[in-house]
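Asks: Let me see the structure of the following:
(one chain, ligands or ions: 3)
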Amino acid sequence: MGAGKSTIGRLLAKELRLPFKDSDKEIEQRTGADIPWIFDVEGEQGFREREQAVICSLCESDGLVLATGGGAVLRPQNRQALRNCGRVVYLHASVEQQIDRTARDRNRPLLRAPNPGQVLADLLAIRDPLYREIADVIIETDERPPRMVVQEILERLEALAPR
Ligand SMILES: Nc1ncnc2c1ncn2[C@@H]1O[C@H](COP(=O)(O)OP(=O)(O)OP(=O)(O)O)[C@@H](O)[C@H]1O
Ligand SMILES: O=C(O)C1=C[C@@H](O)[C@@H](O)[C@H](O)C1
Ligand SMILES: [Mg+2]
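Replies: Ligands and ions are numbered 1, 2, ... in the order given. Model (predicted):
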């Protein structure tokens, strides 16, 4: 959360002249409700079901940039779909930067906790190995403006051997 997937994904899609999809936005559109509502009414598991359906269906399309939600890697089905359908970029951010970048946003139900910094640290510990398991490239985003992150992604993707 707060690594910049939505922000960077949109910019990257523009550079690549590809359509951009954000799984969180897609879930909200398909549900007709926002993410906090889905968590409140259906719980995290209900949200994860919807997330899996959206990611697996978007992974059937070719030629787009997809920003997932931060917890998409938790389900093996999502990891497999992402791996199979294209290149995977892991945007890494330190917990300190995640705290800064998510502080003003009320749209992340998992951070509605007394100590959101601890939540972010606990989530990163669980998720970091999963992101690494499926990533083709890992990009450090701390103290780097979005434009610089996008440039590095383009260079690193270019350097990969064709699949
Ligand atoms: N490289 C960066 N440097 C500074 N600020 C950034 C950077 N990337 C993103 N931000 C800012 O951090 C905030 C969170 O970014 P964003 O919503 O793109 O994160 P996310 O990874 O999509 O989070 P989530 O997992 O919750 O969907 C936004 O306000 C965005 O402008
Ligand atoms: O990291 C997470 O588990 C989440 C991140 C957001 O993108 C949303 O998908 C939702 O708030 C859950
Ligand atoms: Mg996002």
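
Asks: secondary structure class for whichever residue of the chain sits closest to ligand 3?
Replies: Using C-beta to the ion, the closest approach of the chain to ligand 3 is made by residue 6 at 3.3 Å. All C-beta atoms are positioned from the backbone trio N, CA, C, and that covers glycine. Assigned with DSSP: H, G, I helix; E, B strand; the rest coil, residue 6 falls in the helix class.

Asks: residues touching it, list them.
Replies: 22, 24, 67 (C-beta atoms under 8 Å, 6 or more residues apart in numbering).

Asks: What are the boundaries of the strands in this structure?
Replies: Assigned by DSSP state E, the chain shows strands spanning 20-22, 65-67, 89-92, 137-140.

Asks: Let me know which of those is tucked in deepest.
Replies: strand 65-67 (a mean of 23; mean count of other C-beta atoms under 10 Å).

Asks: Now do it: everything it contacts.
Replies: 5-6, 8-10, 12-13, 16, 18-24, 55, 58-59, 82, 86.

Asks: likewise stretch 35-45?
Replies: Outside stretch 35-45, the residues that reach it (C-beta under 8 Å, 6+ apart) are 24, 27-28, 31, 33, 46-47, 49-50, 106-110.

Asks: okay if I get those as CSV plus distance to residue 154?
Replies: What follows is those, written out as CSV (distance: C-beta to C-beta, whole Å):
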residue, distance to residue 154
24, 24
27, 28
28, 29
31, 33
33, 35
46, 37
47, 32
49, 34
50, 31
106, 33
107, 29
108, 28
109, 33
110, 31
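
Asks: Out of those residues, which two are the most distant from each other?
Replies: Using C-beta to C-beta, these reach their maximum pairwise distance at 49 and 106, which is 23.5 Å.
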